[in-house]
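Undergrad: Let me see the structure of the following:
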Amino acid sequence: MPFREKVLEALRQSCAVDDPSVTECSLFCEIGLDSLSFVELIVKLEDKYGIRFKDEELNVYDWNSVKDFIDTVENYVLNKDKKATG
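TA: You can find the predicted model right below:
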């Protein structure tokens, strides 16, 4: 499974309903993710990928789209890998 799909699947599982209609085009305000579930998702992704989100990124209500969120996770992972090899 491609990386972006893995993050999307983790996000789907964190929603109130594991809904396959949640896609990268979905908006955060539409997917039924509460703040506790979002923090649990963040911790899960941080542990799985060895990354750390900034404090200002920990509020679910500050995110616009699922794509923005996945882009951020992907950038953290890519930058972590660059630092490890650089």
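Undergrad: right, and residue 72 touches residue 58 too?
TA: No. Under the criterion of CB atoms under 8 Å, residue 72 makes no contact with residue 58, lying 11.8 Å away. C-beta: built from backbone N, CA, C; applies to glycine.
Undergrad: what about the two, which has more around it?
TA: Set side by side, residue 72 and residue 58 show unequal neighbour counts under other CB atoms under 10 Å, the larger going to residue 72 at 17 against 12.
Undergrad: if I look at the nearest residue to the more buried one once chain neighbours are set aside, how far off is residue 69?
TA: Counting by CB to CB, 6 or more residues apart in numbering, residue 72 lies nearest to residue 57, which is 7.0 Å off, once chain neighbours are set aside. Distance check for residue 57 against residue 69: by CB to CB, to the nearest Å, it reads 9 Å.
Undergrad: Give me the common contacts of those two.
TA: With contacts taken as CB atoms under 8 Å, 6 or more residues apart in numbering, residue 57 and residue 69 have residue 63 as neighbours in common.
Undergrad: Looking at those two, which has the bigger crowd around it?
TA: Between residue 57 and residue 69, counted using other CB under 10 Å, the more crowded position is residue 69 (24 against 14).
Undergrad: Just the local confidence number for the more buried one, please.
TA: Among the per-residue scores, residue 69 shows a pLDDT of 97.
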